[in-house]
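Trainee: I need the structure of the sequence given here:
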Amino acid sequence: VFQSLSSPYDVLIVDQVSICLPILRLARPKGIIFYCHYPDYLLTTRTSFLKKMYRAPLDFLEERTTGMADVIFVNSRFTAGVFADSFPTLHK
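Mentor: Next comes the predicted model:
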C-alpha cells in the first residue's frame, strides 16, 4: 500500500518556538505560519559559562529555524522592530 505524498494539512501554525519547524516540514504542508511573540533568545540571561554553552546552539538555531516558516506574524509594531533587529538575515 502506497501512502499519498500530499499533505492532509493546508497550513500549520506554530505559536511557541521555531525549533520544531524542520520536523513539521516533513508533514509537507502547503505552508507554515510562525507566530513570533518575542525572540526567545532575548528572554534569558547568559550570566555563567555553562548557561552560555547551553544557549549557544539554541540561539543559533532559533534564527535558522524561524526562517523555515513561509510567513512570520508578529503581535505588534514593537515586536516587528525587535524581530528585525534580532534576526537581520530574515528581515526583508
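Trainee: every contact and neighbour count from this point should use C-alpha atoms.
Mentor: Will do.
Trainee: beyond the lengthiest helix in the chain, next helix or strand please.
Mentor: With secondary structure taken from DSSP state H, the chain has its longest helix at helix 49-66. Helices and strands here follow DSSP states H and E; after helix 49-66, the next one along the chain is strand 71-74.
Trainee: tell me what angle whichever helix or strand comes after that following strand forms with helix 49-66.
Mentor: Remark: after strand 71-74, the chain's next helix or strand is helix 77-86, criterion DSSP H and E. With axes from the mean of the first three to the mean of the last three C-alpha atoms, to 10 degrees applied, the angle from helix 77-86 to helix 49-66 works out at 110 degrees.
Trainee: flag every buried residue along helix 77-86.
Mentor: Residues of helix 77-86 classed as buried by neighbour count (16 or more other C-alpha atoms under 10 Å): 79-80, 83, 86.
Trainee: in JSON lines: the residues you listed, plus pLDDT and distance to Lys52.
Mentor: Converted to JSON lines, these look like this (pLDDT from 0 to 100; distance: C-alpha to C-alpha, whole Å):
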{"residue": "Thr79", "pLDDT": "91", "distance to Lys52": "24"}
{"residue": "Ala80", "pLDDT": "92", "distance to Lys52": "26"}
{"residue": "Phe83", "pLDDT": "90", "distance to Lys52": "21"}
{"residue": "Ser86", "pLDDT": "88", "distance to Lys52": "18"}
